[in-house]
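> Here you go, sequence then predicted model.
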Amino acid sequence: MKKSNEVSHIEKVPANTLLKIEEDLKKNDLGKARDRLHGLIATYPDEIELRRKLGDIYYALKYPSMAGRYWYLEKNKTHEMQQACIEFEKSMGNDPFQIVRALKFKGDQEIVKDLEFSENFSPVQKKVTEKLLEEPEDSVFDKLLVAGCLTVLVGTVLFAALGMYSFVEWLM
């Protein structure tokens, strides 16, 4: 695991937020730094360095599986990173679909394409990379969820209109 006391260069992320994270780390407030990084990863998914920092925090917190989750897209993994990634794969049942869902990577596909050239890939990691590069398709569950929400919305509007009609009839 690589330790750094200096603020690394991350392209789009506001420098003051990175400084706050570094201050949290110096104060050993790993929970606050972790929470800030989760927010930044959602906002800046292409910044893999943020994932590495979050993996470092989870590793320091003694959660190797979670560390592996955030180190998974790291191109040059250390031995600790590789072991944490294996632990993460095991926690997901070595199922590439579950791993991809857990990674929640919404960034640029070019980042994933670069990973294919890493020498330390396991068979599971290769399948995960293939799944990450696939065009996302709506699953049956997603379609049913949308249909269910629309049904509830239409039912609510219908019952509200029926209720208003009954109320007006009752007044007259």
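Sure, I can see it.

> hey, which helix or strand in the chain has the poorest pLDDT?
The least trusted helix or strand in the chain, going by mean pLDDT, DSSP states H and E, turns out to be helix 109-115, with a mean of 72.

> I'd like to know which elements it is packed against.
Packing partners of helix 109-115 (3 or more Cβ pairs under 8 Å, 6 or more residues apart in numbering; DSSP states H and E): helix 123-133. C-beta coordinates here come from the backbone N, C-alpha and C atoms, glycine included.

> for the helix it packs on, the distance to its chain's centre please.
With Cα atoms, centre = their mean, to the nearest Å as the basis, helix 123-133 stands 16 Å off its chain's centre.

> Could you pull up the mean pLDDT of that helix?
Averaging pLDDT along helix 123-133 yields 77.

> Please apply the same query to stretch 20-37.
According to the model, stretch 20-37 has a mean pLDDT of 91.

> what distance separates the start and the end of that stretch?
End-to-end distance for stretch 20-37: 10 Å, by Cα to Cα, to the nearest Å.

> What of stretch 133-141?
Termini of stretch 133-141 sit 21 Å apart (Cα to Cα).

> try stretch 71-89
In stretch 71-89, first residue to last residue: 12 Å (Cα to Cα).

> Repeat that for stretch 132-141.
19 Å.

> got the phi/psi numbers for the spatially most central residue of the chain?
Nearest to the mean C-alpha position of the chain, by Cα atoms, centre = their mean, lies Lys104 at 3.4 Å. When read as degrees, to the nearest 10, the backbone of Lys104 gives phi 50, psi 40.

> Equivalent analysis for Lys62, please.
phi 70, psi 40.
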